[in-house]
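*Asks:* here's a sequence, model it:
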Amino acid sequence: MLKSKDLLGLKELSAEEISEILTTAEMMKMVLDSNSKKTSHLQGRSVVTLFYENSTRTRLSFELASKYMGSVSANISTSGSSVNKGESLLDTVRTIDMMATDIIIMRHNQSGAPHFIAPHLKSSVVNAGDGMNEHPTQALLDMFTMKSNFGKVEGLKVVICGDIYHSRVARSNVIGLTKLGAEVTLFGPPTMLPMGIDKMGCKVAKSVQEAVEGCDVVMGLRVQLERQNQSLFPSVSEYANFYAISQDVLKLAKDNAIVLHPGPCNHGVELPSIVYDSPQSLINEQVKNGVAIRMAILYMLMARRNQQ
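*Replies:* Numbers count the residues shown, from 1 in each chain. Sure thing, here's the model as predicted:
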């Protein structure tokens with residue numbers, strides 16, 4: 001059982017809690033694979049998604065996860081809410097909280113926003129990505145995909161390549177994977193590597209070849225141009241030449257290595273399409289696993305609320 005009423009980041013979770021989420025997701029994936037996807041785990045409960053940033057996979061998978069388990073669900077986009085009238089974040093979430101909402105799933109462009117609102121609410125808060133800080137449910141689905149393929153996470157050699165500096169996905173993965181005993185290596189343009197990242201228990205490679213050689217998992221990251229005030233590399237073509245996970249680079253990994261990407265992917269930049277669509281790519285499987293992970297999280301948070 002989760003110790004907190006909220007899921008704000010993997011930094012706050014123990015290795016045991018992470019493992020329990022992954023185990024629970026296995027049962028939820030069986031529900032997804034069945035002919036009838038409806039369960040009554042959240043019957044009579046309410047879930048609201050509140051997104052201050054654009055999203056396809058995270059938002060839709062949370063909405064489907066809640067509906068598959070029988071909850072009353074609603075979604076709010078800031079473009080159609082009182083946020084456009086100047087309403088503050090705290091006033092917005094307090095309004096949602098007072099409508100007998102059980103779980104608020106929030107994405108925000110400011111790091112720490114979920115941590116700020118959680119103490120003020122009776123609702124459970126799930127961090128669906130906050131600025132450049134964390135994206136815990138993405139890292140959980142990534143680890144679930146690894147475990148489903150290899151039968152374990154401990155001992156795996158995982159390489160994360162690309163825009164590390166702006167990536168909340170990378171931060172959550174480093175935290176979660178190291179807690180479960182994986183060996184994590186990062187690689188990207190020097191201008192896209194945050195200072196002190198190696199102090200989080202991971203390695204930093206000097207070339208993509210060095211990073212990928214002998215690894216079990218290769219994860220590409222999207223170049224987040226929307227978070228850059230200035231260009232951090234000369235050109236997209238140069239980035240692709242030096243930092244993309246090409247077919248030749250992938251051959252340096254183990255024969256049974258898998259390719260992951262949180263999406264959306266800039267084809268021909270982080271990955272060429274031939275790698276994205278290769279048999280080693282489990283990128284589409286990640287999407288399905290995302291629903292199972294989010295079902296598991298909602299189930300476990302509600303189980304904790306039921307015991308209060």
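*Asks:* now the farthest one out in this protein, which residue is it?
*Replies:* Lys85 (30.5 Å; Cα atoms, centre = their mean).
*Asks:* show me the protein divided up by domain.
*Replies:* Residue ranges for each domain of the chain read 10-135+287-306, 136-283, as given by automatic domain parsing.
*Asks:* of all those, which one comes closest to Leu2?
*Replies:* Taking Cβ to Cβ, domain 10-135+287-306 is the member of those nearest to Leu2, at 5.2 Å. To be clear about C-beta, it is placed using only N, CA and C from the backbone, and glycine gets the same treatment.
*Asks:* so what's the gap between the closest one and the chain middle?
*Replies:* Its chain's C-alpha centre and that of domain 10-135+287-306 lie 12 Å apart, by Cα atoms, centre = their mean, to the nearest Å.
*Asks:* ends of it, how far apart?
*Replies:* End-to-end span of domain 10-135+287-306 (Cα to Cα, to the nearest Å): 23 Å.
*Asks:* give me the neighbour count for Val153.
*Replies:* Val153 has 24 neighbours, counted by other Cβ atoms under 10 Å.
*Asks:* from what I see, it and Phe144 are in contact.
*Replies:* No. If you go by Cβ atoms under 8 Å, Val153 and Phe144 don't touch, sitting 9.0 Å apart.
*Asks:* overlap in contacts of those two?
*Replies:* Leu22 (Cβ atoms under 8 Å, 6 or more residues apart in numbering).
*Asks:* check contacts around Ser19.
*Replies:* Contacts of Ser19 by Cβ under 8 Å, 6+ apart are Leu180.
*Asks:* redo that, cut-off 7 Å
*Replies:* With contact set as Cβ atoms under 7 Å, 6 or more residues apart in numbering, Ser19 has no partners.
*Asks:* that one and Phe144, how far apart?
*Replies:* 11 Å (Cβ to Cβ, to the nearest Å).
*Asks:* same thing with Val159?
*Replies:* Val159 is 18 Å from Phe144, by Cβ to Cβ.
*Asks:* same check, this time on Ile274
*Replies:* Taken as Cβ to Cβ, the span from Ile274 to Phe144 is 26 Å.
*Asks:* more neighbours: these two, which one.
*Replies:* Phe144 (27 against 13).
*Asks:* wouldn't that one be in contact with Gly290 here?
*Replies:* No. Phe144 is not in contact with Gly290 according to Cβ atoms under 7 Å; the separation is 8.7 Å.
*Asks:* and the strands in this protein, which stretches?
*Replies:* 46-51, 72-77, 103-108, 124-130, 157-161, 183-187, 203-204, 217-220, 258-260 (DSSP state E).
*Asks:* listing partners with orientation, what would you give for the second one?
*Replies:* Each strand that strand 72-77 pairs with, and the sense of that pairing, follows from DSSP bridges: strand 46-51 (parallel).
*Asks:* relative orientation of the partner strand and strand 124-130 in degrees?
*Replies:* 20 degrees (axes from the mean of the first three to the mean of the last three Cα atoms, to 10 degrees).
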